[in-house]
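J.: below: sequence and its predicted model.
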Amino acid sequence: MAIQWFPGHMHLTKKAIQERIKEIDVVIELLDARLPGSSANPMLAGLTGGKPALKVLNKQDLADPARTALWLEHYNSQSSTRAIGLDASMKTPAKALIDACHALAPTRGSMVKPMRVLICGIPNVGKSTLINTLTGKRATKTGDEAGVTKVEQRLVLADGFYLWDTPGMLWPRIIVAKSGYNLAASGAIGRNAFEEEEVALELLDYLIPNYPEMLAARYKVELTPGITDEQLLEEIGRKRGAVLTKGRVNLQKAAEIVIYEFRAATLGRITLETPEEFAQWLAAGRLMDAERQVKKDKIETSRLIKFKKIPRPAKPE
């Protein structure tokens, strides 16, 4: 899936982070616990200049708890990094965040040396809802759509603890194909950027081998050996009454059902990637991207030679 979504306010977010980072002590990156690797912004490490990082796996109540534990272990094993899980049921999320930030920057947090924290995350990862919970008021607008927050905000989370919120920011090009599908399934990407049927098929293709019991229980279907994602989507459409004239299945409607029920966790607590899987996808994506760049460079070199912008390489003797 080719996703090219980098609206103007995201350019502004990148610029704001670059300017703000000089005075920041800790960077919080809010991740979707159902897809921690895919929801991590690869641009962020370069923008934040190696500042201590707190990875927050949000919506952990929607994710597979065993896989959440794997991801927390993965991030906590990295230097200058801590990771915690959060969800809407936690009564003291502010304390968890403040304690984790103090562990990363133990000399900050007083009125003389306040803790200065920047919170980042992709669109629709739950950042605005979390901040409203932290502040105990409706500090930011929320919504079940990508790109609700548009401007940077500074919030006082506690005495000597300042939090800067930034709009959600995707990156210009997603090199891990699976990440594009997972982001679309989660709602991080606007509906105009993908086809629901394609995303639902990719989702089912992953769920069939990894969460077959949940699929069978939710949709009352028999997952026979070798069943394909196309066959399953069609069967789900029939079970849910998404049928057109002459018995044809409305695959668009069936796809919308699958995506909605994944997002709402009515299918069950599901995580779409493990640290090991994502590492493999990322390695393959980087290899394909490097090959793509080589081809692009060859085309550009040929163009420059054609128009005599650069000399033709000398032939070996």
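T.: That came through fine. Numbers count the residues shown, from 1 in each chain.
J.: okay, the residue nearest to Ile227 when sequence neighbours are not counted: pLDDT?
T.: Using Cβ to Cβ, 6 or more residues apart in numbering and skipping residues adjacent in sequence, the residue nearest Ile227 is Ile208, 6.7 Å away. All C-beta atoms are positioned from the backbone trio N, CA, C, and that covers glycine. Listed pLDDT for Ile208 reads 98.
J.: pull the CA atoms of the helix or strand containing Ile208 into PDB?
T.: Assessed by DSSP states H and E, Ile208 sits inside helix 196-210. The C-alpha coordinates for helix 196-210 follow below in PDB (Å, rounded to 0.1, in the frame of the first residue of the first chain):
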ATOM      1  CA  GLU A 196     -11.400  -0.800   3.100                       C
ATOM      2  CA  GLU A 197     -11.600  -4.100   1.300                       C
ATOM      3  CA  GLU A 198      -7.900  -4.300   0.800                       C
ATOM      4  CA  VAL A 199      -7.200  -3.400   4.400                       C
ATOM      5  CA  ALA A 200      -9.800  -5.900   5.700                       C
ATOM      6  CA  LEU A 201      -8.200  -8.700   3.600                       C
ATOM      7  CA  GLU A 202      -4.700  -8.000   5.000                       C
ATOM      8  CA  LEU A 203      -6.200  -7.900   8.500                       C
ATOM      9  CA  LEU A 204      -7.900 -11.300   8.100                       C
ATOM     10  CA  ASP A 205      -4.800 -12.700   6.400                       C
ATOM     11  CA  TYR A 206      -2.900 -12.000   9.700                       C
ATOM     12  CA  LEU A 207      -5.700 -13.000  12.000                       C
ATOM     13  CA  ILE A 208      -6.400 -16.400  10.500                       C
ATOM     14  CA  PRO A 209      -3.100 -18.000  11.700                       C
ATOM     15  CA  ASN A 210      -2.700 -15.800  14.800                       C
END
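J.: I'd like the next helix or strand past that helix.
T.: By DSSP H and E, the next helix or strand past helix 196-210 is helix 212-219.
J.: buried set for that following helix?
T.: Within helix 212-219, the residues that count as buried by 16 or more other Cβ atoms under 10 Å are Met214, Leu215, Arg218, Tyr219.
J.: for the second one, which residues are in contact?
T.: Right, Leu215. By Cβ atoms under 8 Å, 6 or more residues apart in numbering, Leu215 lies in contact with Leu204, Leu207, Ile208, Val221, Leu223, Leu232, Leu267.
J.: of these, closest to Leu30?
T.: Relative to Leu30, the closest of the contacts of Leu215 is Leu267; by Cβ to Cβ it sits at 22.9 Å.
J.: and Arg34, what is it in contact with?
T.: Lys59, Leu62, Ala63, Asp64, Asn182, Ser186, Ile270, Thr271, Leu272.
J.: sorry, wrong one. I was asking about Val243.
T.: Taking Cβ under 8 Å, 6+ apart as the test, what Val243 contacts is Gly237, Val249, Asn250.
J.: just give the closest residue to the last one, not the sequence neighbours.
T.: If you skip the residues right next to it in sequence, Asn250 has Ala242 as its closest partner in space, 4.2 Å away by Cβ to Cβ, 6+ apart.
J.: what residues does the one you found make contact with?
T.: Per Cβ under 8 Å, 6+ apart, neighbours of Ala242: Ile236, Val249, Asn250, Leu251, Lys253, Ala254, Ile257.
J.: show the pLDDT at it.
T.: For Ala242, the predicted pLDDT is 93.
J.: again with the one 5 residues further on
T.: Gly247 is assigned a predicted lDDT (pLDDT) of 87.
J.: give me the number of residues near it?
T.: Gly247 has 7 neighbouring residues, counting by other Cβ atoms under 10 Å.
J.: any idea how far Met115 is from it?
T.: 62 Å (Cβ to Cβ, to the nearest Å).
J.: likewise Ala264?
T.: In terms of Cβ to Cβ, Ala264 sits 35 Å off from Met115.
J.: tell me which of the two has more neighbours.
T.: More crowded of Ala264 and Met115, by other Cβ under 10 Å: Met115, with 22 against 9.
J.: check contacts around the residue nearest to Ile227.
T.: Leu215, Leu223, Ile227, Asp229, Leu232.
J.: scan those and report the most crowded one.
T.: Result: Leu232 is most packed of the contacts of Ile208 (other Cβ under 10 Å), 23 neighbours.
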